[in-house]
Structure formats: structure tokens, C-alpha cells
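J.: test case, fold it:
(2 chains, ligands or ions: 1)
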Amino acid sequence: MNVNQPSQSINVMINGVAETLKGHVIISELLILKQLPINAVAIVVNDEVLPRSRWNHVMCQHDDSICVFSAVAGG
Amino acid sequence: MNALTDKQYIQYSRTMLLNDIGETGQLAIINSQVAIIGLGGLGQLVVQYLAAAGVKHFMLVDHDVVALDNLPRQLLYSEADIGQHKVSVAKRTLSRLYSNVYVNAITDKLTETNVIEFSKRLNTETLVFDCTDNFVARHVINQLCVNQGLTLISAAISAYQGQLFCIDFGAKLSHEKQHGCYRCLYPVDIDIKQTCSQQGVLGPAVGVMASMQALVGLQHICNTFTQYGVLLRFDALTLQWHQAKMNRDQQCTLCQQAQLQGYAHEC
Ligand SMILES: [Zn+2]
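T.: Numbering: from 1, shown residues only, chains lettered A, B, ... in the order given. The predicted structure follows:
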């Protein structure tokens, strides 16, 4: 009997780079994990903007394509 | 105007050759009203493309004057214009180049305190171009467009990153209200440090975003635009474009307010 079940890992793309995540990771945790500035970015998951109030409620899924980018205001 | 002159038939023939635009679309362009806020790198090109396409009614808003370091990307201005208000130079040049152009040149800074007064100068048909260079102004313009139910075409660029979207806040269908607004994308407390003056930018990269803004604007006016609520991001280094569907943030107080007002109007 294997009591040391390997924690489930998923593959995602973050800004076009393949990454493997261990366990269940929500979007806000991912930002911390990747040391991305939570207060300075917007997030697109699978070609849809994920509003900030959802970041604590959405779990990264296998094959997700996640883009993290800064706000741009110049003109 | 409800018919083109002979000269206009020749002048705008290449636009009208597009089947989905034709004479009806060209007349819509001539009869349209646009407000361009910010006459820097983005706005100065948007206004030139629109005027050349036949737009006659402009409100141009910018409190800034022409400076030497504007010239590599702001092709509407020359060294002789340095120190003059950008909107005044734009008005003078457009009036010289195009016939029957009406330009309301405003040198007041649009702020949260004068936004209501400012909104009285616009009518419900005014198409708003956000061409500003700072986050505060972008939020004020967003608020103005959400509250007045206007169409907003917003573009921005810093360094090699450009962003663009168009939202019709006057749209009646419920799925069209799900795009949210600028505040849904970038909450007001977001940290932002990038502006052209701090980041640097290449002139043609600004031109790409401004051309897209003008293109979207003409399509909206001609009823051929379909990409409302789509955020386009341009990487001027790799030349790649990325698209994403915008979504309303259920916690956005501005969208909530607008929805409540909408219900009040319907009652
Ligand atoms: Zn909103």
C-alpha cells in the first residue's frame, strides 16, 4: 500500500512558458508562488480576463493558459 | 448632411468601395461626433486619420503644450509649435487641411471634480477616444463613459507594451453588459508606474496603437465593428498580438451603479 500518494500535479502555461504546479493552486496563490506583484497586474485565463475579485476563488486547471501582465497607461 | 457632394464622392471613393461601408457609411463618418482626450502620441494621429476620413466634428481635450521631446512621435507638431497648446495647433492645422471641420479645443484638464460639467458638452452619440498618458485620467474618462452610456475606445502604450479595447456602454443587450469597464480590468488601487515619460517608447509603436484606435472608431461609426469588449495587447518587440474577452468584475462599484441607474430608467 502506498501511503505516500504523489500530490497531483498539473501542467499550465504562464505567459507562454510551460510550468508544472503541484496540488491545488488558486490564482492568488500562483501570483505569490511566482513572486508576481498582486497589486500591479491583470490576469487572463484561457483568453478571458479574470477580474481581481475572482482570484481567490478560481483554481488553476490542467492545460490552463494564464497570462499575467501589467497595466499600461502611457500615450 | 444627408448626401455627398461630387467632390466628396471622389475624395472618399476608396472608403466607399468597401461594400459594407459604401455611401451610407461615409455619410455616417461625416455626420459623426468624436471627443479625443489627450493629444499626445496617440491622439494626434487618431485625429489626423479621422479628419482625413471625413469626420467633421471634434472635441479635442488636452492641457499640455508642445515640447521638443514630443516631436519624434507626434507628427502633427513641428518645432515652430513648441510652447503652444497641442489642441490649438491641432485645430489650426486641421482647419487648414480639411474643409468644414469644426474643432472644439479644450485646454482644461479633465478631472473627477469637473467630469460632470464636462459631460454636459457631450451628446449621447459622441464617440470617446481615451488617448491620455496617465491612469487617473483613464479612470475619469471610464467613469464618464459608463455614466453617460457612451462608446469608449481606449488605447495605451508604454515601452513595448500596447493595449486597446472598445466598449459600447450604451449597449442594450445583457451579454454586451458583461464586458465590464476599465475599472473592472484595472481597479483604481492598482499599482502603476509606467507612463511614456518614465518608460520611453518608439514613435511607430505608438502609431500602431493610434492607427488601431482610429480603425476601430471608423468601424464603430460605420456599424461594421464586432469586437466590443475584447482586450487587445500588442508586444512591439516580438510584434505579437494577444486577444482576451473582457469580463465584468461583480465587485466593480461603477458598473453596479450604472446597472442600478439603468433599472431606474426602465421603471
Ligand atoms: Zn466596471
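J.: CA atoms for contacts and neighbours, from now on please.
T.: Will do.
J.: list the contacts for residue 15?
T.: Picking chain A for this. A:Ser65, A:Ile66, A:Cys67, A:Val68 (C-alpha atoms under 8 Å, 6 or more residues apart in numbering or on different chains).
J.: that was the other one, I meant chain B.
T.: B:Thr15 sits next to B:Ile21, B:Gly22, B:Gln26 when contact means C-alpha under 8 Å, 6+ apart.
J.: narrow those to those in strands?
T.: With strands taken from DSSP state E, there is no overlap with the contacts of B:Thr15.
J.: list the contacts of the residue of chain A found nearest the ion.
T.: Scanning chain A for the residue nearest the ion gives A:Pro51, at 9.7 Å (criterion: C-alpha to the ion). A:Pro51 sits next to A:Ala42, A:Ile43, B:Cys184, B:Leu185, B:Asn247, B:Arg248, B:Asp249 when contact means C-alpha under 8 Å, 6+ apart.
J.: output those residues in JSON lines; the columns should cover pLDDT, neighbour count and distance to B:Ala53.
T.: Compiled in JSON lines, these are given as follows (pLDDT from 0 to 100; neighbours: other C-alpha atoms under 10 Å in any protein chain shown; distance: C-alpha to C-alpha, whole Å):
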{"residue": "A:Ala42", "pLDDT": "97", "neighbour count": "21", "distance to B:Ala53": "35"}
{"residue": "A:Ile43", "pLDDT": "98", "neighbour count": "22", "distance to B:Ala53": "36"}
{"residue": "B:Cys184", "pLDDT": "97", "neighbour count": "25", "distance to B:Ala53": "33"}
{"residue": "B:Leu185", "pLDDT": "97", "neighbour count": "24", "distance to B:Ala53": "31"}
{"residue": "B:Asn247", "pLDDT": "97", "neighbour count": "21", "distance to B:Ala53": "32"}
{"residue": "B:Arg248", "pLDDT": "96", "neighbour count": "21", "distance to B:Ala53": "33"}
{"residue": "B:Asp249", "pLDDT": "96", "neighbour count": "25", "distance to B:Ala53": "36"}
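J.: check those against the ion, which are close?
T.: B:Cys184 (C-alpha under 5 Å from the ion).
J.: all strands of chain A, in order?
T.: Under DSSP E, chain A gives strands at A:9-14, A:17-22, A:41-45, A:48-49, A:65-70.
J.: now the angle between strand A:65-70 and the third one, please.
T.: Put simply, strand A:41-45 runs at 160 degrees to strand A:65-70, going by axes from the mean of the first three to the mean of the last three C-alpha atoms, to 10 degrees.
J.: number of residues surrounding the residue lying closest to B:Glu23 once chain neighbours are set aside?
T.: Excluding its sequence neighbours, the residue lying closest to B:Glu23 (C-alpha to C-alpha, 6 or more residues apart in numbering or on different chains) is B:Met16, at 5.7 Å. B:Met16 sits with 18 neighbouring residues when counted by other C-alpha atoms under 10 Å in any protein chain shown.
J.: quick check: nearest residue in space to A:Ser70, chain neighbours excluded?
T.: A:Val41 (4.4 Å).
J.: is A:Asn11 in contact with A:Gly23, as I believe?
T.: No - contact criterion C-alpha atoms under 8 Å: A:Asn11 and A:Gly23 do not qualify, at 10.9 Å.
J.: compare these two (neighbour count), which wins?
T.: Neighbours were counted for A:Asn11 and for A:Gly23 using other C-alpha under 10 Å; A:Asn11 has more, 16 against 12.
J.: spell out which parts of chain B neighbour the ion.
T.: With C-alpha under 5 Å from the ion as the criterion, chain B comes near the ion at residues B:Gly180, B:Cys181, B:Arg183, B:Cys184, B:Cys252, B:Cys255.
J.: what about the nearest residue to the last one once chain neighbours are set aside, distance to B:Asp6?
T.: Which is B:Cys255. Using C-alpha to C-alpha, 6+ apart and skipping the chain neighbours, the partner closest in space to B:Cys255 is B:Gly180 (6.7 Å). Shown here: B:Gly180 relative to B:Asp6, a distance of 44 Å by C-alpha to C-alpha, to the nearest Å.
J.: higher neighbour count, these two?
T.: For the pair B:Gly180 and B:Asp6, the greater number of neighbours falls to B:Gly180 (23 against 8), based on other C-alpha under 10 Å.
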